[in-house]
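[1] Just the structure for this:
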Amino acid sequence: MAAELTATPEQLEAAVASLRAGELVAFPTETVYGLGADARNPAAVRRIFEVKGRPAHHPVIVHLARLGQLRDWARDVPPAALLLAQRFWPGPLTLVLPRAPGVSDAVTGGQDTVALRVPSHPMAQQLLVAFQSGIAAPSANRYGRVSPTRAEHVREELGSAVKVILDGGDCPIGLESTIVSFQVGRARLLRPGAVTAEQIRQVVGELEVGADEASPRVPGSTAAHYAPATPLTIVPAAQLDAQVAASARSAPVAVLAWRPPLEALAAVTWINAGKIAARYGHDLYNHLRTLDKAGCRRILVQEVPEGEDWVAIRDRLRRAAAGAGLEDAETEVEAT
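    Numbering: from 1, shown residues only. Okay, the predicted model is just below:
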């Protein structure tokens, strides 16, 4: 994977000045690129929603420089939540906790909870330390579409709407953070990510999985996200070659698989993403963007293997299939 880059003093100064002026800054995290605004400035946070075309009732994640800032944003931190923060921060874990007084509705989507995390990417850390406050940041892409894992993805989608784009190279993980909420002190996994359910259980013991009626709205909790414009279908492994051949007879088809094709077909654009889950996840969004530009009628994705290492990938692909090809997707993965 690409080396993680750090910002120059000039880049950092420009980014901090933009945030303090109420403007937007795109920056890398270890998960995906975020579209950041001063989390204490409701007007700046609303600008995120305008640029993304995102519904105002969706919460965003507030990124912090260190665990010590947690109680500035959360009024109640259960012991289990603190243990998770101590174990996985900085890193790809988001905690959803009761919000502290003064946390804006623009950040929480009008809920009484706030989503918080401490990213580990060195450039994100530079920015957060220099800014000295929380940065609200969902993924830096148009509403409903594939999350960006490179600075060029942000430029392609958002262009001049973003004052500063900090280029930290490829995001090391490439999938959004794990989200865990705490209701009456009990941990509940609301979005899978690089921190797995088993790793969380090792820290907190009992863990409930999936939302219930009492769960807060969180990024990535709706059916259709992460979606390319080209319709996407998940295909069982044993049926892949037959479906590719059938589809290619009538129109060009794009394929994302974890093996090479059995035969080369002129009307097929095929990406072999391999069977190593970490690598597959790191490359997933870049591969979807590549196939989306291939001029094909459909993207066929080989169903990925079973196992906990693939849970987050299966989640993203399922939601991509639900949203792909829709002109006005109702949902999007938010955050990093």
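[2] can you pull out the strands in the stretch 51-200 of the chain?
    Along the stretch 51-200 of the chain, the stretches classed as strands by DSSP state E, counting those that start in this stretch are 61-63, 93-98, 113-117, 135-136, 164-165, 178-183, 186-191.
[3] So which elements touch the first one?
    With contacts defined as 3 or more Cβ pairs under 8 Å, 6 or more residues apart in numbering; DSSP states H and E, strand 61-63 has these neighbours: strand 33-38, strand 113-117, strand 135-136. (C-beta placed from N, C-alpha, C; glycine too.)
[4] What pairs with it, parallel or antiparallel?
    As defined by DSSP bridges, the strand partners of strand 61-63 come to strand 113-117 (parallel), strand 135-136 (antiparallel).
[5] Residues contacting that strand from elsewhere in the structure, which ones?
    29, 34, 36, 39, 73, 94, 103, 107, 114-119, 124, 128, 134-138, 177, 219, 334-336 (Cβ atoms under 8 Å, 6 or more residues apart in numbering).
[6] now the last one
    Contacting residues not belonging to strand 186-191 are listed as 80-81, 84, 94, 96, 176-182, 197, 200, 204, 206-212, 215, 218-221, 315 [Cβ under 8 Å, 6+ apart].
[7] filter these to the buried ones?
    80-81, 84, 94, 96, 176-182, 197, 200, 204, 207-208, 211, 215, 218-221, 315 (16 or more other Cβ atoms under 10 Å).
[8] mind checking how far residue 255 is from residue 298?
    9 Å (Cβ to Cβ, to the nearest Å).
[9] Between those two, which is the more surrounded one?
    Looking at residue 255 and residue 298 with other Cβ atoms under 10 Å, you find the greater number of neighbours at residue 255, namely 26 against 20.
[10] Determine the three-state secondary structure at the residue nearest to that one when sequence neighbours are not counted.
    Closest residue to residue 255 apart from its sequence neighbours, by Cβ to Cβ, 6 or more residues apart in numbering: residue 270 at 4.5 Å. Taking DSSP: H, G, I helix; E, B strand; the rest coil as the rule, one finds residue 270 in the strand state.
[11] Residue 270: how many residues sit nearby?
    Residues lying near residue 270 (other Cβ under 10 Å) number 17.
[12] Then residue 39?
    Counted by other Cβ under 10 Å, the residues lying close to residue 39 total 27.
[13] and if you look at residue 260?
    By other Cβ under 10 Å, 11 other residues sit near residue 260.
[14] now do residue 56
    12.
[15] Could you double-check that it sits in contact with residue 49?
    Yes. Assessed by Cβ atoms under 8 Å, residue 56 is found in contact with residue 49 at 5.5 Å.
[16] before we move on, back to that, the strands of the stretch 51-200 of the chain into CSV, with extra columns for distance to residue 309 and mean pLDDT?
    Formatted as CSV, the strands of the stretch 51-200 of the chain follow (distance: least, Cβ to Cβ, whole Å; pLDDT from 0 to 100):
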stretch, distance to residue 309, mean pLDDT
strand 61-63, 23, 98
strand 93-98, 17, 97
strand 113-117, 21, 97
strand 135-136, 30, 98
strand 164-165, 31, 95
strand 178-183, 13, 94
strand 186-191, 15, 95
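[17] Quick one: closest of those strands to residue 43.
    Closest of these to residue 43 is strand 135-136, at 11.9 Å (criterion: Cβ to Cβ).
[18] just how off-centre is that closest one within its chain?
    Computed by Cα atoms, centre = their mean, to the nearest Å, the chain-centroid distance of strand 135-136 equals 14 Å.
[19] if we can go back for a sec, let me know the pLDDT of the residue nearest to residue 255.
    Confidence at residue 270, expressed as pLDDT, is 98.
[20] do you know how far it is from residue 317?
    With Cβ to Cβ as the criterion, residue 270 and residue 317 are 17 Å apart.
[21] cool, residue 213 as well?
    From residue 213 across to residue 317, the span is 27 Å (Cβ to Cβ).
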